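1. pasting a predicted model and its sequence here:
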Amino acid sequence: MRFLSLQSHVAYGYVGNRAATFPLQRLGHEVWAVNTVEFSNHTGYGAWRGRTAPAEQVAEIVAGIEALGLLPRCDALLTGYVGDAALADVVLDTAGRVRSANGRAIWCCDPVLGDVDTGIYVRPGIDAFFRERAIPAADLITPNHFELEHLTGRRVATLDDAVVAARGLLGRGAQGPRLALVTSLRRADGPADQVEMLAVSREAAWRVVTPLIGFEIAPNGTGDMVAALFAAHWIAGGDVAAALGRAASAVYAVLEVTLAMGERELQLVVAQDRLVAPPRSFVAHKL
């Protein structure tokens with residue numbers, strides 16, 4: 001498959017396009033990566049260099065890809081971190097161009113807003129962009145626990161809470177997302193030594209559970225990686241449960257290697273064979 005990916009980029013570490021591109025390539029997919037920021041490292045370090053890409057630059061690069069006649073061959077659009085309102089407009093325009101060229105293309109929108117340990121880390125108004133403009137237009141959305149609560153205005157403390165909140169972001173009829181993938185679900189009524197992912201459609205829901213790996217500082221970029229992997233498996237096979245299990249198994253395998261090596265950044269290169277054949281398989285079950 002061929003993915004057009006509009007996400008952030010760092011020289012050191014693995015977040016955004018750096019966390020999504022290599023795993024997809026290792027699975028045999030083509031990725032056209034368009035970088036929305038160019039940073040030395042991710043912002044979790046507290047200090048970084050670089051800048052957000054001007055919206056005009058991102059739009060020009062997408063236009064260049066379109067001029068080559070490639071968009072009809074694009075199977076999926078991946079979008080993540082959006083730095084400012086001008087770039088938000090480019091994201092929506094790109095989605096429109098991809099869909100005009102290929103009506104079967106899937107838009108996987110990761111509404112990057114923040115996390116439980118950081119709170120909101122995007123500029124004011126970006127949450128409204130995702131809630132009001134991007135999510136209603138996407139096919140697949142991949143919020144984490146914090147983002148699910150923020151986007152819906154609901155507290156998610158139980159599994160039922162999570163299903164109801166996720167379903168509230170889905171469209172009705174032919175409009176809006178068909179599927180929500182909730183990553184890093186840590187509910188109050190669940191075991192403290194486990195972490196869950198939840199896939200929710202309008203008619204059904206599936207859950208996969210993996211052991212919680214105790215990092216002193218958890219690696220960034222796992223959400224970007226799992227969104228890409230799940231999207232690839234779901235689009236290729238159409239089986240939500242199988243895609244959820246395969247994505248969770250691969251992410252867990254990479255995190256195991258990362259912990260064993262004592263690294264803060266995802267060890268995607270070292271663990272690359274585990275992306276294809278994870279040594280431990282986790283099965284997703286329908287709720």
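-> Ah, there it is. In this text, all values refer to a predicted model and were calculated from it rather than measured experimentally.

2. could you give me the average pLDDT of stretch 9-26?
-> The average pLDDT for stretch 9-26 rounds to 97.

3. for the chain, which segments count as helices?
-> Under the criterion DSSP state H, the chain contains helices at 17-26, 55-67, 85-101, 126-129, 145-152, 159-168, 222-237, 240-260, 272-276.

4. so which of those is nearest residue 203?
-> Set against residue 203 and scored by CB to CB, these come closest in helix 159-168, at 9.6 Å. C-beta here means a position set from N, CA and C on the backbone, and glycine is covered the same way.

5. by contact count, what packs against that closest one?
-> Here helix 159-168 touches helix 145-152, strand 179-185, strand 194-201, strand 205-211, going by 3 or more CB pairs under 8 Å, 6 or more residues apart in numbering; DSSP states H and E.

6. deepest-packed of the ones you listed, please.
-> The highest average neighbour count among these, using mean count of other CB atoms under 10 Å, belongs to strand 179-185 at a mean of 24.

7. any idea of the mean pLDDT for that strand?
-> Strand 179-185 comes out at a mean pLDDT of 94.

8. by how many degrees do it and helix 145-152 diverge?
-> Strand 179-185 and helix 145-152 are oriented at 130 degrees to each other (axes from the mean of the first three to the mean of the last three CA atoms, to 10 degrees).

9. now for strand 179-185, which elements pack on it?
-> Using 3+ CB pairs under 8 Å, 6+ apart, strand 179-185 sits against strand 140-141, helix 145-152, helix 159-168, strand 194-201, helix 222-237.

10. what sits up against the first one?
-> It stands for strand 140-141. 106-111, 135, 169, 177-181, 231, 234 (CB atoms under 8 Å, 6 or more residues apart in numbering).

11. apply 10 Å and report the result again.
-> For strand 140-141, the external contacting residues (CB atoms under 10 Å, 6 or more residues apart in numbering) are 76, 78, 106-111, 130, 134-135, 147-148, 151, 166, 169-170, 176-182, 199-200, 227, 230-231, 234-235.

12. got the contact list for the residue nearest to residue 204 when sequence neighbours are not counted?
-> Closest residue to residue 204 apart from its sequence neighbours, by CB to CB, 6 or more residues apart in numbering: residue 286 at 6.1 Å. When contacts are counted by CB under 10 Å, 6+ apart, residue 286 is found next to 199, 204, 205, 206, 207, 240, 241.

13. now render the residues you listed as a markdown table, adding pLDDT.
-> Below are the contacts of residue 286 laid out as a markdown table (pLDDT from 0 to 100):
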| residue | pLDDT |
| --- | --- |
| 199 | 98 |
| 204 | 97 |
| 205 | 98 |
| 206 | 98 |
| 207 | 97 |
| 240 | 98 |
| 241 | 98 |
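
14. picking that back up, of the contacts of strand 140-141, buried ones?
-> Buried by 16 or more other CB atoms under 10 Å: 76, 78, 106-111, 130, 134-135, 147-148, 151, 166, 169-170, 176-182, 199-200, 227, 230-231, 234-235, out of the contacts of strand 140-141.
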